Structures are given as C-alpha cells and as structure tokens.
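Colleague: curious how this folds, go ahead:
(one chain, ligands or ions: 1)
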Amino acid sequence: MLPSPPLVRIATHGLEPVEAVVFDLDNTLVNRQRALARWLLDQLRALRAAHGLPPADRQNRRRWVHEIIAWDRWGARDHKQLANRLVSTALDSILSPRQQAERAEQLAGGIRELPNHVRPDARVQQLLAQLAGQKFRLAVASNGSSDLQRRKLQAAGLAEFPWDAVAISGELGIAKPARQLFERVASALRTRPNRILMVGDDWRRDVLGARDAGWQSCWVTWGRTPPRETPAVWQVERTTDLLHHPALRRQLDQHRSGSHPECVEARHA
Ligand SMILES: [Mg+2]
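Modeller: Next up is the predicted model:
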C-alpha cells in the first residue's frame, strides 16, 4: 500500500477542491511529437543512405517530418501505418510496392526506439516539484506498452519522481477512456473522484474519460480548438502553463496567505 502524503485542498470556484493531479504521458509530460520528429529524421537518413540516395536537403526534411507528424494525428496511427507512410514517402518512389511493404515491415518494430529520442524537460520537472511542494498527490495515467512508457518516463527523468501512482494500460489490461482505469487510479490515490484533476492532450481519452469517471479535467490544447460538445473545465496550451492557470494560481495564493476559508489543510488517517 502506498503511503498517504498530507493533503492540501485547493478550492476552485464552483468546484470541489483539487487534491490530486493525474497526468497523461505522451504530449503531456513528454514531448512525443518532438521525439517522433527525431526518430523520423534518423530513419530518413538511414533509409536514403541504404538505397544510395543523397541526404534530403534541410527544407525537404522539415516539410517531410511536418507532413508525417500531421498525418499521425497525435499518435492516432499504429506502428505499422507509420512505417508504411515513412517508407512510401522517404525514398522518392524507387521501390516497388512489394519492396516498400517489406521495408516497412522491418521498420515497424523500430518505433520501439522512440523513448531513446525523448529528452528531459526542466520546466515539467519544476512544475511537478512545485505541485509536490504544495502537497498535491501526483500520478501518471498513460496508454501504451509497459516497456515503451516506462522507458519514456526514464528518458524524461521522471522515473524516480515520487509518484503516488503510475497507471500504464499495458500493465493493467485496461486503457483510457475506460472508466475502470480512472477508478483504479482514484483508488490508489485514495482520493474522491471529483477532487482529482486529469491533465492530458487527448480530448476523448483524457478529458471525456475523466469527465465520465467524475473527475475534473484540464485539456492541454497545443493550440487546438476544443470540440463544442463539452468544454474542459480547465485548458492550458502547454502542460507547464498549469501553474500559471488563473484558477490554480488564485487558489495557491489564497492558500499561502491563509485567506480562503475553503483552503483547509488535512491529513489522511
Ligand atoms: Mg497524450
């Protein structure tokens, strides 16, 4: 059983105070887009060299990476689709469809190298340290294989962080947006669902999944416009903007000054 840290309740207007913050991993704690861009460039270089083609010039390389990342739609494509796209667009059509398929088959497993391209982000580490310093319970809830997601946490310098819970779908056999996953995390955090804030970039899996489980949610927009159906309670452009979110800022300030009657420090038994 995980130890219970002391809690600080942060009241938000019209909402239950947030006691725990649960983060998605890809494109929330870790910049997967950037890691994918690095991996794609490595593959492009190697593929072209292997087939006797000159390196693509800088402008073409950038356009190529940008197009594949846009086509990937925030990780919506599987490894095989990504490899097919990569091969079919990287080699100036010098391979027959059959040769392309064979090459793509070989490359599909290579996406497992993606964690090697993840880099630590000092601003994310500062955010987590500050939230931990304010006694929030902190957790990760991520969809993906145990090996890949654990290696990404390691590469981002977050594996040793004193998380109160780490939930990875490949280890649990359930994935966001399934309600059971949110329930497992809430149970591990020993926190009421409506006092948990889910922070993630995926509207359906993170925002709607959390809402359906009775959690509060914060959408990491990356500049995207939210669908009309249900606005996220909170929105930030980047995860690291969370500390500057007016609602959190206000409550933290009120907590520090002790001026807010709702800001009650409490300890779990
Ligand atoms: Mg994500």
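
Colleague: in the protein, what residue is nearest the ion?
Modeller: Per CB to the ion, residue 26 is where the chain lies closest to the ion, at 3.9 Å. Yep, even glycine has a C-beta here, placed from its N, CA and C like the rest.

Colleague: my guess is that residue contacts residue 142. True?
Modeller: Yes - if you go by CB atoms under 8 Å, residue 26 and residue 142 touch, sitting 6.9 Å apart.

Colleague: look at those two and report which has more neighbours.
Modeller: Set side by side, residue 26 and residue 142 show more neighbours around residue 142, with 29 against 24, by other CB atoms under 10 Å.

Colleague: setting aside sequence neighbours, what's the nearest residue to that one?
Modeller: Leaving aside its chain neighbours, residue 142 sits nearest to residue 25 (3.7 Å; criterion: CB to CB, 6 or more residues apart in numbering).

Colleague: state the pLDDT value of that neighbour.
Modeller: On the pLDDT scale, residue 25 is placed at 98.

Colleague: show me what contacts residue 234?
Modeller: Counting by CB atoms under 8 Å, 6 or more residues apart in numbering, residue 234 touches 197, 216-219, 245, 247.

Colleague: equivalent analysis for residue 155, please.
Modeller: Going by CB under 8 Å, 6+ apart, the list of residues near residue 155 reads 30, 115-116, 118-120.

Colleague: could you flag which of the residues you listed are buried?
Modeller: By neighbour count, with 16 or more other CB atoms under 10 Å, the contacts of residue 155 hold 30, 115, 118 as buried.

Colleague: name the residues that touch the helix ranked longest in the chain?
Modeller: Assignment by DSSP state H gives helix 32-50 as the longest helix of the chain. With contact meaning CB under 8 Å, 6+ apart, helix 32-50 is reached by 26-27, 54-56, 61, 64-65, 68-69, 72, 74-75, 86-87, 90-91, 103, 107, 110-111, 113-119, 152.

Colleague: which of these count as buried?
Modeller: 26-27, 56, 61, 64-65, 68-69, 72, 74-75, 86-87, 90-91, 103, 107, 110-111, 114-115, 117-118, 152.

Colleague: next step: the residues you listed restricted to helices.
Modeller: Checked against DSSP H, these include these in helices: 61, 64-65, 68-69, 72, 86-87, 90, 103, 107, 152.

Colleague: and which of those residues is nearest to residue 125?
Modeller: Residue 125 lies nearest to residue 152 out of those, by CB to CB, at 14.4 Å.

Colleague: ok, and the closest non-adjacent residue to residue 215?
Modeller: In space, residue 215 is closest to residue 196, 4.6 Å off (CB to CB, 6+ apart).

Colleague: tell me the contacts of that neighbour?
Modeller: Residue 196 touches 18-22, 185-186, 189, 210, 215-216, counting by CB under 8 Å, 6+ apart.

Colleague: show me what it is bridged to.
Modeller: Beta-bridge pairing for residue 196 (DSSP bridges): residue 20.

Colleague: so for it, what's the pLDDT?
Modeller: Residue 196 carries a pLDDT score of 95 in this model.

Colleague: can you check residue 127 too?
Modeller: Per-residue pLDDT puts residue 127 at 95.

Colleague: over to residue 52?
Modeller: pLDDT, residue 52: 89.

Colleague: looking at this, it is in a strand?
Modeller: No - Residue 52 is assigned coil when assessed by DSSP: H, G, I helix; E, B strand; the rest coil, not a strand.

Colleague: quick thing: my sequence starts at 28, can you match it?
Modeller: That works, and once the first residue is 28, the last one we named lands at residue 79.

Colleague: would you map the helices across the stretch 128-277 of the chain?
Modeller: For the stretch 128-277 of the chain, the helices defined by DSSP state H, counting those that start in this stretch cover 149-160, 173-182, 196-199, 206-216, 236-239, 273-284.

Colleague: quick one: average pLDDT of the fifth one?
Modeller: Helix 236-239 shows a mean pLDDT of 95 in the predicted model.

Colleague: do the third one as well
Modeller: pLDDT averaged over helix 196-199 equals 98, rounded to a whole number.

Colleague: what do you get for the last one?
Modeller: Per-residue pLDDT values across helix 273-284 average out to 69.
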